[in-house]
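Peer 1: Fold the following for me, if possible:
(2 chains)
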Number of protein chains: 2
Amino acid sequence: MAIARLSQSEIETALADLSGWALREDGLAILKAFRFADFSEAFAFMSRVALEAEKTDHHPEWFNVYNRVDVTLTTHDAGGISARDLAMAAAMERFAR
Amino acid sequence: MAIARLSQSEIETALADLSGWALREDGLAILKAFRFADFSEAFAFMSRVALEAEKTDHHPEWFNVYNRVDVTLTTHDAGGISARDLAMAAAMERFAR
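Peer 2: Purely as a prediction, here's the structure:
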């Protein structure tokens, strides 16, 4: 089953409901830089995201150093941003609270 | 207590004992690109590294996407590579086996 790539306006509407997410310059991914109190909190967040990623078979690209987690979400099978990226972004917001 | 920065020859000797680690172009960090079977294996590795990082209070910089974990180790307090980076690299080798 093909995964639908969202339109620019669909993405912009969705991003307005999320806090701190931005469209990557090429328009093919969404990004957020998460900051936590320390490494322990950052990795606790990453662990919850990892479980969600396996459950939904949708994995982030992410960079971590100490309390910082820079996340990139894109859907390779859609050649851009799909509903799966928005669902993962929403899950990350819950986990980061 | 200041953490000693290792000399170029100390680093080169140590890297010869490790597999797949390289010196970053600026000479201030060591790097390795780990590859695993899938995300589950990659994150299992990252989880063990996270525990070691907390225990030793020495944290990696790392990028993960699916089965790939790109690691950078440096010691900010030493302004370069210290024995702590080599100890972490050796621990990562054990965890990745």
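
Peer 1: Look up phi and psi at residue A:41.
Peer 2: The phi/psi pair for residue A:41 (degrees, to the nearest 10) reads phi -70, psi -40.

Peer 1: who's in contact with it?
Peer 2: Residues near residue A:41 by C-beta atoms under 8 Å, 6 or more residues apart in numbering or on different chains: residue A:67. (Glycine included, C-beta is placed from N, CA and C.)

Peer 1: Relative to residue A:28, how far out is the nearest residue in space to residue A:93 that is not next to it in sequence?
Peer 2: What sits nearest to residue A:93 in space, not counting adjacent residues and going by C-beta to C-beta, 6 or more residues apart in numbering or on different chains, is residue A:18, at 6.2 Å. To residue A:28, residue A:18 is 17 Å away according to C-beta to C-beta, to the nearest Å.

Peer 1: sorry, back to before: pull up the gap between the residue nearest to residue A:93 and residue A:94, please.
Peer 2: Residue A:18 is 11 Å from residue A:94, by C-beta to C-beta.

Peer 1: quick revisit: which of the helices or strands spans the residue nearest to residue A:93?
Peer 2: Assigned by DSSP states H and E, residue A:18 belongs to no helix or strand.

Peer 1: if I pick it, what's in contact with it?
Peer 2: Counting by C-beta under 8 Å, 6+ apart, residue A:18 has contacts A:86, A:89, A:90, A:93.
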